[in-house]
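Asks: Next one to model:
(chains A and B)
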Amino acid sequence: MKPGIPKGTRDFLPKEVARRNFIFNTMRTVFVKYGYQPIETPAMENLSTLTGKYGEEGDKLLFKVLNNGDFLSKADEQALEAKDSQKLVSSISKRGLRYDLTVPFARFVVMNQNDINFPFKRYQIQPVWRADRPQKGRYQEFYQCDVDVVGSNSLMLEAELVQIYDEVFSKLGLDVTIKINNRKILAGMAEAAGIADKLVEMTVAIDKLDKIGKEGVRKEMIERGIPDTAVDTIEKILEVKDLDTLKPLLANSEQGTKGIEELQAVFDFLDSYQMNNTLNFEITLARGLSYYTGFIVEVAADKVDIGSIGGGGRYDDLTGIFGMKDMSGVGVSFGAARIYDAMTALDSFPAEAEENLQLLLIAFDEASHRYAFKCLNQLRAAGIVAELYPDPVKLKKQMKYANGREVKFVALAGDTEMSNNTLALKNMETGDQEQKSLEDIIKFFT
RNA sequence: GUGGGUAUAGCUCAGUUGGUUAGAGCGCUAGAUUGUGGUUCUAGAGGUCGCCGGUUCAACUCCGGUUACUCACCCCA
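Replies: Presented below is the predicted three-dimensional model:
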């Protein structure tokens, strides 16, 4: 049969996994340093946990898992008859693959509230699935790396998350711009423009500014039913570059004023911290997700045009739908695939990101193969990453394998080496070769 | 959900206005070379030209349909 994998999914070669792990490990180190604890949730959630959380569009993008057994016998016959797929789903599928890490986290918090300490700081690095049409840099299966705090309103946490972004990206060697804003400021804008009821429409349009430009945003807002005069007001406010200028413009809006105060508080916390990257107040930052209620943040790589490589914000009541009121949360997410792509484009992976084989042993015949195997065990015991070619086949074949593995040193074992208890250590780059005792080889590598 | 592109050897791809036996590079196997790789050279294995149908004396090539993948849009990371 012809091999294949589902669309929007990928295989990862050893080199890619090593590099991805480098990214994950860097993040973990920082997360742990800031006191965040790891959790994991199942790949599958109850479909009822997921549906309705991501809007109508989101529901369509949920992967549903078909019930086991004779699922048709319990199927909704009317829906089946009418070929109404939407309606049929609930009777033949009770589980779905998780769409993000935030909603499962909310569910997790409510279910495990007796076992966790609040405020609860967690990080989570796991794949998520979306039944979206794939395109460049967008897949149906991809990793999300989320850091969230639930159970505290403190704006210190916003500042802390900005620091985490700053530290992770500087450790990864990526120059980034961290853009922050506050949803309440956007709400204030809508209020000032007299279109408080059209906040979502306005937000969705503004969010596209980078992509479709000022004119495009104007067009989109008008198409979404925002009057010309309101659009004029909004456009004027969008020109603002700093909080002080903004203050009088939103003075009549309680929400807007609160948003400015909150954002100012975040900046004040960060006064004592020396940023490695650029931190900007960006009034045009909106972010798509509707559950954000306060602080919002997005990260873009400076030297490569790859879109957003991370984002997040505060959501006042995420756990409410699961029956736990007044649990404020704030969190950010790292887009692993895009960070990988950005680092690849800039060639900024350090050599140690690849855990390479240090030494390959090669034997000429059965007897020396046994001898090499003994040496191998001692080398490994000394902590050297070593391997013996499994069969004493032709040298050419074994050397070819060594080239393929990109191993820097090969140790050859034959009659001569066996008789004087050595190995012939060969540098694959220079071609130099020298007879060395096992002790000398171990010393050489350690 | 809407629109475009592609589908030929294990992989990446050529294939002329439709014409005899469908090619290249890489990879694989063997040899030149019984203790030495990256460069060479020689030979070999490997194909339902995505699938179904139509046009034609003749289809990898043209037409219709279909499936898969992919790119862009909507939305999103």
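Asks: can you map out the helices along the stretch 301-446 of chain A?
Replies: With DSSP state H, counting those that start in this stretch, the ranges of helices along the stretch 301-446 of chain A come out as A:336-345, A:366-381, A:395-405, A:415-419, A:438-445.
Asks: for the longest helix seen in chain A, which positions count as buried?
Replies: Ranked by number of residues, the top helix in chain A under DSSP state H is helix A:14-33. For helix A:14-33, a neighbour-count test (16 or more other C-beta atoms under 10 Å) marks A:Ala18, A:Arg19, A:Arg20, A:Phe22, A:Ile23, A:Thr26, A:Met27, A:Arg28, A:Val30, A:Phe31 as buried. (Glycine included, C-beta is placed from N, CA and C.)
Asks: Farthest pair within those?
Replies: Farthest-apart pair in the buried residues of helix A:14-33 is A:Ala18 and A:Phe31; separation 20.2 Å (C-beta to C-beta).
Asks: contact partners of stretch A:110-126?
Replies: With contact meaning C-beta atoms under 8 Å, 6 or more residues apart in numbering, stretch A:110-126 is reached by A:24, A:27-28, A:31, A:34-41, A:43, A:98, A:101, A:105, A:109, A:143-152, A:154, A:157, A:319, A:322-324, A:336.
Asks: Swap in 7 Å and give it another go.
Replies: Here stretch A:110-126 makes contact (C-beta atoms under 7 Å, 6 or more residues apart in numbering) with A:24, A:31, A:35-40, A:101, A:105, A:109, A:143-152, A:319, A:322-324.
Asks: Now do the helices in the stretch 1-150 of chain A.
Replies: Using DSSP H, counting those that start in this stretch, the helices found in the stretch 1-150 of chain A span residues A:14-33, A:47-50, A:55-60, A:77-81, A:85-92, A:102-111.
Asks: Quick one, which of those gets closest to A:Ala381.
Replies: Comparing those by C-beta to C-beta, helix A:14-33 comes nearest, at 24.0 Å.
Asks: these two touch, right, A:Ala106 and A:Thr319?
Replies: Yes: taking C-beta atoms under 7 Å as the definition, A:Ala106 is a contact partner of A:Thr319 at 4.9 Å.
Asks: if we can go back for a sec, between the helices of the stretch 301-446 of chain A, which one is closest to A:Ala79.
Replies: Ranking the helices of the stretch 301-446 of chain A by distance to A:Ala79, with C-beta to C-beta as the measure, places helix A:336-345 first at 36.7 Å.
Asks: Sort out which residues of the closest one are buried, please.
Replies: Neighbour-count burial for helix A:336-345 [16+ other C-beta under 10 Å]: A:Ala336, A:Ala337, A:Arg338, A:Ile339, A:Tyr340, A:Asp341, A:Ala342, A:Met343.
Asks: Wondering if that helix reaches RNA strand B at all.
Replies: Yes: judged by C-beta under 7 Å from any atom of the strand, helix A:336-345 comes into contact with RNA strand B through A:Ala337, A:Arg338.
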